[in-house]
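Engineer: please work out how this folds:
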Amino acid sequence: EVQLVESGGGLVQAGGSLRLSCAASGFTFDDSAIAWFRQAPGKEREGISCISSYNGRTYYADSVKGRFTFSSDKAKNTMYLQMNSLKPEDTAVYSCAARSAAYGCTIATTLLYDYWGQGTQVTVSS
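Structural biologist: Sure, this is the predicted structure:
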């Protein structure tokens with residue numbers, strides 16, 4: 001059984017930083033697509049970053065480019081989202097997602113991903 005468990009959310013002031021973690025079990029990052037999405041109250045889920053093991057590339061939404069960094073540690077089977085220069089509009093529930101045997105990744109749709117974490121709340125105060 002595949003499980004993704006996020007941690008690291010919380011309350012932070014604008015301009016601050018947080019690092020989210022997503023620990024995977026029953027899943028390896030080889031030949032996979034992994035991603036972070038977020039959903040703010042009253043808004044649709046937004047893809048913010050993904051990594052494709054197929055081409056080794058990382059993709060970011062324009063809204064977080066230059067502020068967020070997505071990385072993974074295969075030895076620990078854990079992915080990380082380092083979030084810097086946080087803004088109140090970054091407030092959302094953040095979820096990690098994954099798919100095995102993937103030839104690429106996308107943040108344009110949730111449909112690619114088979115596995116999801118339960119989500120962790122990030123609140124940025126002004």
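Engineer: in the chain, mark out all the strands, start to finish.
Structural biologist: 3-7, 10-13, 18-25, 32-39, 46-52, 58-60, 68-73, 78-83, 92-100, 115-116, 120-125 (DSSP state E).
Engineer: ok, which of those strands comes nearest Thr106?
Structural biologist: When the strands of the chain are compared by C-beta to C-beta, strand 46-52 sits nearest Thr106, at 6.4 Å. No exception for glycine: its C-beta is placed from N, CA and C like everyone else's.
Engineer: give the partner strands of that closest one in its sheet and their orientations.
Structural biologist: The strands beside strand 46-52 in its sheet (DSSP bridges) come out as strand 32-39 (antiparallel), strand 58-60 (antiparallel).
Engineer: what about these, which gets the closest to Gln3?
Structural biologist: Taking C-beta to C-beta, strand 32-39 is the member of the strands paired with strand 46-52 nearest to Gln3, at 13.9 Å.
Engineer: average pLDDT for that closest one?
Structural biologist: Confidence for strand 32-39, expressed as mean pLDDT, is 96.
Engineer: quick one: contacts for the residue nearest to the spatial centre of the chain?
Structural biologist: Ranked by distance to the mean C-alpha position of the chain (C-alpha atoms, centre = their mean), the top residue is Trp36 at 2.1 Å. Trp36 sits next to 20, 22, 47-50, 70, 79, 81, 94-97 when contact means C-beta atoms under 8 Å, 6 or more residues apart in numbering.
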